[in-house]
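Q: Coordinates only, no sequence provided:
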């Protein structure tokens, strides 16, 4: 697996740090681009997908972002002309069945419930390795 381009939509800097740790723990070499709110995600989607700014290999999306719901952002990602097939891992503290069903219907590749335990959170790196190892994406 080469160096991945990973887009992270997460408003909590501590969680962004944990994402970095999880990827490093599982030897996922990547370049992270981070948006902290719905407006940042929408701006990213407006500018990505061309030769100068290729689609990421993977997107990590927090469902509870300021300004725009993660569900709405996932729908916008799926409708994106160039990047609509990029795998999206939804990260959330919610364990509600309706959230799981809704993101699955919107085409999320994986639902990662944010644990309170560090070791469990580091498992996100394994999820990314497995997803990218299977060649999921576009």
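A: Here it is on my side, so go on. On a predicted model such as this, the values are computed, not experimentally measured, just so you know. Numbers count the residues shown, from 1 in each chain.

Q: Determine the three-state secondary structure at the residue most central in space within the chain.
A: In the chain, the residue lying closest to the centroid (C-alpha atoms, centre = their mean) is residue 60, at 0.9 Å. State at residue 60, reduced to three classes by DSSP: H, G, I helix; E, B strand; the rest coil: strand.

Q: Doesn't residue 6 lie inside a strand?
A: Yes. Remark: residue 6 belongs to a strand, assigned using three-state DSSP.

Q: Show the contacting residues for it.
A: Neighbouring residues of residue 6 by C-beta atoms under 8 Å, 6 or more residues apart in numbering: 23, 30-33, 56-60, 128. No exception for glycine: its C-beta is placed from N, CA and C like everyone else's.

Q: State the number of residues packed around the residue lying closest to the residue nearest to the centre of the chain once chain neighbours are set aside.
A: Leaving aside its sequence neighbours, residue 60 sits nearest to residue 8 (C-beta to C-beta, 6 or more residues apart in numbering; 4.7 Å). Applying other C-beta atoms under 10 Å, we find 24 residues neighbouring residue 8.

Q: how about low-confidence regions in this protein?
A: 1-2, 134-138 (pLDDT under 70).

Q: can you give me the strands for it?
A: 4-9, 30-35, 58-62, 88-92, 110-113 (DSSP state E).

Q: Could you export the ones you listed as JSON lines, including distance to residue 17?
A: Output for the strands of the chain, formatted as JSON lines (distance: least, C-beta to C-beta, whole Å):
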{"stretch": "strand 4-9", "distance to residue 17": "11"}
{"stretch": "strand 30-35", "distance to residue 17": "11"}
{"stretch": "strand 58-62", "distance to residue 17": "13"}
{"stretch": "strand 88-92", "distance to residue 17": "13"}
{"stretch": "strand 110-113", "distance to residue 17": "16"}
